[in-house]
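Got a predicted structure plus its sequence, pasted below:
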Amino acid sequence: MKYISRLPHLLIGILIIAALIMSGCTTAPAGTSPSTSGPTPTTSPSTAPAPASSGQQGGNGTVEVRVTDAPPRQEVTGVEVTVESVEIHKAGAGQEDEKGWLPMALSGPSTFDLLQIRGIEQVLATANLTAGKYTQIRMNVTRVRVSFREGQPVDATVPSGKLKFVRPFDVVAGQATVLLFDFDADKSVNVTGNGKAMFKPVIKLTVTKAKGGMEIVTPSLPNGEVGVAYNGAVAATGGLEPYTWSISAGALPAGLALNPVTGAITGTPTGAGDSTFTVKAEDSSPAKKSATRSFTVNIAGAGVLQITTTSLAGGTKNVAYSATVQAVGGTIPYTWSISAGALPAGLALNPATGAITGTPTAAGNFSFTVRVTDSAAPTANTDTQALAIHIAEEVTP
């Protein structure tokens, strides 16, 4: 059985996905580094070397815990496991320091039958964690109930309720880190001659950046203008591509349509006003993972000056940055300026083109308001838009 722990753009999210295989443990996915424990639930750092540090400080990443399972002996027909909590240990905190353990929010069923979730993925917990290095994960198992082909179910003895796994891993801002627990039920469930059972998990643990849960990553969509061709697009990460896109609530501005295959939103708006709607992305996996996100698009009247840019890409300290703020309507040429707040240190706004360029010299979140003024006479038109740029710390090898 595989438990997945996602630690994504600290969205914190831990997903525990279970898939049971009829014989033996599954093979670790390509590109992962497995670590196998013995009959005790604690893995050893010596068998699970820490992956190279790639975490970016200052953002959020997602962690998933997955579980897979080899089936137990033929006479066992069910293994119901109840998990009370899942926790992650932050690097730098003392091993015995309880403050170093960060609780994850259980978001799925807390009790599941390992033999009934074969081949499917089931959410157990989700969380957003600060990007950085983590060292351990533990699950508090409060009950294991074993059913047999003949006879009554029994509560298995669990030698240690808290299953602790030592395995350093990184959480990277905007990415999903997957901790994959491969349980061998045949070796984990020991049945005695008097009908009693003991649950002493044998587990293989791997860490990967493989895709797990889905997320629509487009922060916002551009505004538009009546009679002017519109071009926007939504994008997602996680799950199994290709995705299928749809509108699950609300409606697009009149005249626009969503491409169900590419996620492109195109057309020519026919009416002015705000439109709020929810976009849904569904993957191609048998489990049909999905994600949704709400957007608001403002369509200005024909000829009305409006800044269409509603969000800007992030950057990295000491790395060249380039983005452009755009507008429609009014009378060109436009003049651009910052009317409130300030750009990140090292960046500048071109007053003629709206380009924001330079090399950031400090990390952090920077909010500001951009103003555009057109060339209409005798009275010029203006529009403003609040924007923000996140500058991440420089990544050093």
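Nice, thanks for sending it over.

quick one: the strands in the stretch 51-200 of the chain?
60-70, 76-90, 101-103, 105-106, 111-113, 125-126, 129-130, 132-148, 154-155, 162-171, 176-184, 189-191, 197-199 (DSSP state E, counting those that start in this stretch).

And the ones you listed: which comes nearest Tyr243?
Proximity to Tyr243, assessed across those by C-beta to C-beta, is greatest for strand 176-184 (15.8 Å). (C-beta placed from N, C-alpha, C; glycine too.)

shaky segments in the stretch 101-250 of the chain?
Along the stretch 101-250 of the chain, the model assigns pLDDT under 70 to residues 107-109, 114-127, 161, 173-176, 180-186, 193, 195, 202-213.

Swap in 80 and give it another go.
For the stretch 101-250 of the chain, the stretches flagged by pLDDT under 80 are 104-129, 148-152, 159-167, 172-189, 191-196, 200-214, 237-240.

With the stretch 251-397 of the chain instead?
Within the stretch 251-397 of the chain, the stretches with pLDDT under 80 are 285-288, 393-397.

Tell me where the stretch 251-397 of the chain has strands.
According to DSSP E, counting those that start in this stretch, the stretch 251-397 of the chain carries its strands in the segments 256-258, 264-267, 273-282, 290-300, 306-307, 315-316, 321-324, 327-328, 335-341, 347-349, 355-358, 364-373, 382-392.

what lines up beside the first one in the sheet?
The strands beside strand 256-258 in its sheet (DSSP bridges) come out as strand 264-267 (antiparallel).

Just the CA trace of the partner strand, in PDB.
Extracted C-alpha coordinates of strand 264-267, given in PDB (Å, rounded to 0.1, in the frame of the first residue of the first chain):
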ATOM      1  CA  ALA A 264      -7.300  28.300 -24.100                       C
ATOM      2  CA  ILE A 265     -10.000  30.900 -23.600                       C
ATOM      3  CA  THR A 266     -10.500  32.800 -26.800                       C
ATOM      4  CA  GLY A 267     -13.100  34.800 -28.800                       C
END
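
got the buried residues for that strand?
By 16 or more other C-beta atoms under 10 Å, the buried positions in strand 264-267 come out as Ile265, Gly267.

and what of stretch 263-281?
Within stretch 263-281, the residues that qualify as buried are Gly263, Ile265, Gly267, Pro269, Ala272, Ser275, Phe277, Val279, Lys280, Ala281, counting by 16+ other C-beta under 10 Å.
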